[in-house]
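Enquirer: My questions are about this predicted structure, shown below with the sequence.
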Amino acid sequence: MTVTPYNTPTESKKGQVERMFDKIAPFYDFLNHFLSLGIDIWWRKKAIRYVKDNQPNRILDIATGTADLALEAAKTIQNCSIVGVDISEKMLEIGKEKIKKDNFQHRISLEIGDSEQLQFQDATYDAVMSAFGVRNFENLEKGLSEMYRVLAPNGTLMILEFSKPKTFPLKQLFDIYFKNFLPVIGRFKSKDKNAYRYLYESVQQFPSFEEFTKVLNQVGFQNTQYKSLTGGICAIYLAKK
């Protein structure tokens, strides 16, 4: 079963996700940092360190949103250029303001784009990355295949994504927080009763660590591995082309 934000059968998941992020864009950064107690900032910093290992010159940030991951890459990796792609125009507008504020316009560019139909030539980027975005793909394999296609030989893939803790009591606490507390706070601030319910449901449906690395292998990636973060609440997935 495909999990969607608004459960409207006449509208694609992609269309619903775009509509959701356009609606919550003004509150997205605040809620991310508040609801994760700021841990999401540390997750991005750690993830970018793995991207930095190969000193990529050209980086593609899939589902860039408000450009937090792209900005972290620009601050950490010297002389790299970054293109961020997202389907939500409202999220990109906020990202562009942040880029301008930090004076990274010369190194980061953002554009509207469908992650499952990228408008880039094969083998264009030294690294392809995404933070909390692949979970929203309408067709997971198709989106990952596009990431593989535009990645240069020996290039690095880095995906940062929520996962499900397995150990007691973190598993139980995680479920209570994500299923009950987080949607209430998210709805109060963003005025969208569905967005943070969808977050919980989409995390529940997303493949486990081992299952997702298998999907990456099936798409063609090699040397796939994962790094569990914060007791399994989040994970960094790494692979090579």
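Expert: Now that the structure is in, tell me what you want to look at. Here the structure is a predicted model, which is why all the values come from computation and not from measurement.

Enquirer: make it CA atoms for all contacts and neighbour counts henceforth
Expert: OK.

Enquirer: For this structure, which segments count as helices?
Expert: Ranges of helices in the chain, per DSSP state H, are 13-35, 39-52, 68-76, 89-101, 140-150, 170-176, 182-190, 195-205, 209-219.

Enquirer: So which of the ones you listed is nearest Ala127?
Expert: Proximity to Ala127, assessed across these by CA to CA, is greatest for helix 39-52 (7.1 Å).

Enquirer: got the helices of the chain as CSV, with mean neighbour count, mean pLDDT and distance to Val128 columns?
Expert: Listed next are the helices of the chain as CSV, based on neighbours: other CA atoms under 10 Å; pLDDT from 0 to 100; distance: least, CA to CA, whole Å:
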stretch, mean neighbour count, mean pLDDT, distance to Val128
helix 13-35, 17, 92, 21
helix 39-52, 17, 97, 9
helix 68-76, 20, 98, 11
helix 89-101, 19, 98, 18
helix 140-150, 20, 98, 7
helix 170-176, 14, 89, 29
helix 182-190, 18, 82, 30
helix 195-205, 19, 91, 22
helix 209-219, 16, 97, 13
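
Enquirer: Name all residues that make contact with Ile77.
Expert: For Ile77, the contact set (CA atoms under 8 Å, 6 or more residues apart in numbering) comprises Lys52, Gln55, Pro56.

Enquirer: Pop out the phi and psi values for it.
Expert: When read as degrees, to the nearest 10, the backbone of Ile77 gives phi -110, psi 110.

Enquirer: For Glu116, see how far away it is.
Expert: As judged by CA to CA, to the nearest Å, Ile77 and Glu116 stand 27 Å apart.

Enquirer: again, but for Glu97
Expert: 26 Å.

Enquirer: Equivalent analysis for Tyr177, please.
Expert: 31 Å.

Enquirer: So which of these two has more stuff around it?
Expert: Glu116 (19 against 14; other CA atoms under 10 Å).

Enquirer: ok, the more buried one touching Tyr148?
Expert: No: counting by CA atoms under 8 Å, Glu116 sits too far from Tyr148 to count as a contact (11.2 Å).

Enquirer: Tell me which other helices or strands the lengthiest strand in the chain touches.
Expert: If you go by DSSP state E, the chain has its longest strand at strand 151-162. Helices and strands touching strand 151-162, by 3 or more CA pairs under 8 Å, 6 or more residues apart in numbering; DSSP states H and E, are helix 39-52, strand 125-131, strand 234-240.

Enquirer: which other residues reach it?
Expert: 43-44, 47, 50-51, 54, 122-135, 203, 233-241.

Enquirer: Generate a ChimeraX selection restricted to the buried entries among the residues you listed.
Expert: For the buried members of those, the matching ChimeraX selection, counting by 16 or more other CA atoms under 10 Å, is:
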select :43,44,47,50,51,123,124,125,126,127,128,129,130,131,132,133,134,135,203,233,234,235,236,237,238,239,240,241
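
Enquirer: ok, back up a step: now the helices and strands packed on strand 151-162 as a markdown table including distance to Pro5?
Expert: Formatted as a markdown table, the helices and strands packed on strand 151-162 follow (distance: least, CA to CA, whole Å):
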| stretch | distance to Pro5 |
| --- | --- |
| helix 39-52 | 22 |
| strand 125-131 | 19 |
| strand 234-240 | 21 |
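
Enquirer: looking at those, which is closest to Gly84?
Expert: That would be strand 125-131 among the helices and strands packed on strand 151-162, by CA to CA, at 9.4 Å.

Enquirer: For that closest one, C-alpha coordinates in PDB please.
Expert: Provided in PDB are the C-alpha atoms of strand 125-131 (Å, rounded to 0.1, in the frame of the first residue of the first chain):
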ATOM      1  CA  TYR A 125      27.900  14.400 -10.700                       C
ATOM      2  CA  ASP A 126      30.800  13.200  -8.500                       C
ATOM      3  CA  ALA A 127      28.300  12.800  -5.500                       C
ATOM      4  CA  VAL A 128      24.600  12.500  -5.300                       C
ATOM      5  CA  MET A 129      23.000  13.000  -1.900                       C
ATOM      6  CA  SER A 130      19.600  13.300  -0.200                       C
ATOM      7  CA  ALA A 131      18.300  14.000   3.300                       C
END
